[in-house]
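A.B. asks: next come a sequence and a model predicted from it.
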Amino acid sequence: TQLLEQSPQFLSIQEGENLTVYCNSSSVFSSLQWYRQEPGEGPVLLVTVVTGGEVKKLKRLTFQFGDARKDSSLHITAAQTGDTGLYLCAGVGGTASKLTFGTGTRLQVTL
Amino acid sequence: GAGVSQTPSNKVTEKGKYVELRCDPISGHTALYWYRQSLGQGPEFLIYFQGTGAADDSGLPNDRFFAVRPEGSVSTLKIQRTERGDSAVYLCASSLTSGAYNEQFFGPGTRLTVL
């Protein structure tokens, strides 16, 4: 059972547009991570957010962790075709090592 | 540099057969994780090892699934009496050590198809 719901499930946009992906849970996590996965490959870590209310920027990507540490968002500015992929959020609870992944958002960026 | 490698990359088997999936972690990483990813979904945790011992096997779906890591490096995920519902991509990850803030590095996965 997935505890992290992502929305939207699918997103198809044109290059240059902005988008936001949401990751919501009823559970509190000690930290939350965002990954990107391309076909035939494993997920690759983009960022880890730890503090409630934290905002991190990675070039055109902005990540935010909710104040209550239950939700997060990923905003991409001026999307490029290279941003195409499956975006996954993953929560880490307490001192546990295992990741609880979200349901995923498949992004397609076209010219 | 060498990342996490998994073999085979693809495995097709018949219902009821036994399969073994192998994971070679990054050298020096003491923690190793197995996840399963069904089509169109996020990965689901199966089991993780710290060294040779299984520290958390709460994600294994039933007793047909078993994993070992006898020397604290390579791990093998074993599935007995495979069922069509076992078809998925099996991902392995490793991290320097266990704990919430250690980055996990993922392999490319083994795609298992049970006919």
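C.D. replies: The structure has been received and is ready for your questions. Computed from a prediction, not measured in an experiment: that's the story for all the values here.

A.B. asks: next one: the closest residue to chain B within chain A from A:H75, what distance?
C.D. replies: The nearest approach of chain A to chain B comes at A:G42, 2.8 Å away (Cβ to the nearest Cβ). C-betas here are computed from N, CA, C, even on glycine. Using Cβ to Cβ, to the nearest Å, A:G42 is found at 24 Å from A:H75.

A.B. asks: identify the residues contacting stretch B:33-40?
C.D. replies: Stretch B:33-40 has contacts (Cβ atoms under 8 Å, 6 or more residues apart in numbering or on different chains) with A:97-99, A:101, A:104, A:106, B:23, B:43-49, B:67, B:75, B:77, B:88-95, B:104, B:109.

A.B. asks: more crowded one of A:G42 and A:H75?
C.D. replies: Taking neighbours as other Cβ atoms under 10 Å in any protein chain shown, A:G42 and A:H75 compare with A:G42 leading, 23 against 16.

A.B. asks: ok, for that one, nearest residue in space, not its chain neighbours?
C.D. replies: B:F106 (2.8 Å; Cβ to Cβ, 6 or more residues apart in numbering or on different chains).

A.B. asks: over to B:D86?
C.D. replies: Excluding the flanking residues, the one nearest B:D86 by Cβ to Cβ, 6+ apart is B:V114, at 5.2 Å.

A.B. asks: look up the pLDDT of the one you found for me, please.
C.D. replies: At B:V114, the pLDDT value in this model is 98.

A.B. asks: does it touch B:Y90 like I think?
C.D. replies: No - applying Cβ atoms under 8 Å as the test, B:V114 and B:Y90 come out as separate, 12.0 Å apart.

A.B. asks: okay, now the closest residue to A:L4 other than its chain neighbours: neighbour count?
C.D. replies: Distance criterion Cβ to Cβ, 6+ apart; nearest residue to A:L4, sequence neighbours excluded, is A:G102 at 3.7 Å. Using other Cβ under 10 Å, A:G102 has 28 neighbouring residues.

A.B. asks: quick one: name the residues of chain A near chain B.
C.D. replies: With Cβ under 8 Å from any Cβ of the partner chain as the criterion, chain A comes near chain B at residues A:2, A:4, A:6, A:30-31, A:40-45, A:48, A:50, A:88, A:90, A:92-104, A:106.

A.B. asks: tell me the contacts of the nearest residue to B:P70 once chain neighbours are set aside?
C.D. replies: Among residues not flanking B:P70 along the chain, B:T52 sits closest, at 6.4 Å (Cβ to Cβ, 6+ apart). By Cβ under 8 Å, 6+ apart, the residues touching B:T52 are B:69-72.

A.B. asks: let's have the residues you listed in CSV, adding pLDDT, neighbour count and secondary structure.
C.D. replies: Listed next are the contacts of B:T52 as CSV, based on pLDDT from 0 to 100; neighbours: other Cβ atoms under 10 Å in any protein chain shown; DSSP: H, G, I helix; E, B strand; the rest coil:
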residue, pLDDT, neighbour count, secondary structure
B:R69, 97, 21, coil
B:P70, 95, 9, coil
B:E71, 94, 9, coil
B:G72, 92, 15, coil
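
A.B. asks: kind regards, and thank you for your time.
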